[in-house]
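Peer 1: sequence first, predicted model second:
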Amino acid sequence: MNDTTPDSLIPYDDIVQDALRGVVSRVLQRISDEGGLPGGHHFYIAFRTRAPGVSIPRHLMERYPDEMTIVIQHRYWDLVVAPDHFSIGLSFNQMPANLVVPYDAIVGFVDPAVNFALQFAPKDGEAPPDGPEPPETPPPEPEDGGSNVVTLDRFRRK
């Protein structure tokens, strides 16, 4: 008998990652259908800014060349959930911006209200950015304005 596990000809890891990305899509569709987030729910969604299909304003791409995290909580608009991506309007330092994020670009999803988190491997054999970058993003500002970008580091398992 052989003690080693054979290589699978079925890409189970990819199938599971795609299914979990479907969780993000279904959650976003639910809040879109219901007209907002219930209770204290809010989401941090981290994504690779240079992934195929991502569309963000140039000033955000310059500030977050590899990865950024958005917060969906009180102030967002025009949430559209499509089969392969979502688009949303958010404010960054009181400047409105429209973002398009394919689910394949997402690397993290957190709902801190219920301690729920998902992390995803980079899609299509892409390597993650070289080494962790020091967080340059301050915590989210009060609801009256400010940046919607935060770091997920405090939610990641070490």
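Peer 2: In hand now; what should we look at?
Peer 1: scan this protein for its longest helix.
Peer 2: Secondary structure of the chain read by DSSP state H shows that its longest helix is helix 12-34.
Peer 1: what residues of stretch 82-92 count as buried?
Peer 2: Of the residues in stretch 82-92, those with enough neighbours to count as buried (16 or more other CB atoms under 10 Å) are 85-86, 88, 90, 92. To be clear about C-beta, it is placed using only N, CA and C from the backbone, and glycine gets the same treatment.
Peer 1: so what's R48 closest to, chain neighbours aside?
Peer 2: Excluding its sequence neighbours, the residue lying closest to R48 (CB to CB, 6 or more residues apart in numbering) is A105, at 5.0 Å.
Peer 1: please apply the same query to A97.
Peer 2: Nearest one to A97, counting by CB to CB, 6+ apart, is P57 at 4.9 Å.
Peer 1: isn't that neighbour right up against V100?
Peer 2: No - look at P57 against V100 with CB atoms under 8 Å: they stay out of range, at 11.1 Å.
Peer 1: tabulate the buried residues of stretch 82-92 (TSV), appending secondary structure.
Peer 2: As requested, the buried residues of stretch 82-92 are arranged in TSV below (DSSP: H, G, I helix; E, B strand; the rest coil):
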residue	secondary structure
H85	strand
F86	strand
I88	strand
L90	strand
F92	strand
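Peer 1: and of these, the nearest to L37?
Peer 2: In terms of CB to CB, no member of these lies closer to L37 than I88, at 12.6 Å.
Peer 1: what is that closest one paired to in the beta sheet?
Peer 2: Per DSSP bridges, the residues bridged to I88 are L99.
Peer 1: how about it, what does it touch?
Peer 2: Counting by CB atoms under 8 Å, 6 or more residues apart in numbering, I88 makes contact with 70, 72, 76-80, 98-99, 101.
Peer 1: tell me the one of those residues nearest N115?
Peer 2: Closest approach to N115 among the contacts of I88 (CB to CB): I72, at 17.0 Å.
Peer 1: that closest one: neighbour count?
Peer 2: I72 is surrounded by 21 other residues when neighbours are defined as other CB atoms under 10 Å.
Peer 1: report the central residue of the protein.
Peer 2: The residue at the geometric middle of the chain, judged as the C-alpha nearest the mean C-alpha position with CA atoms, centre = their mean, is I45 (2.6 Å).
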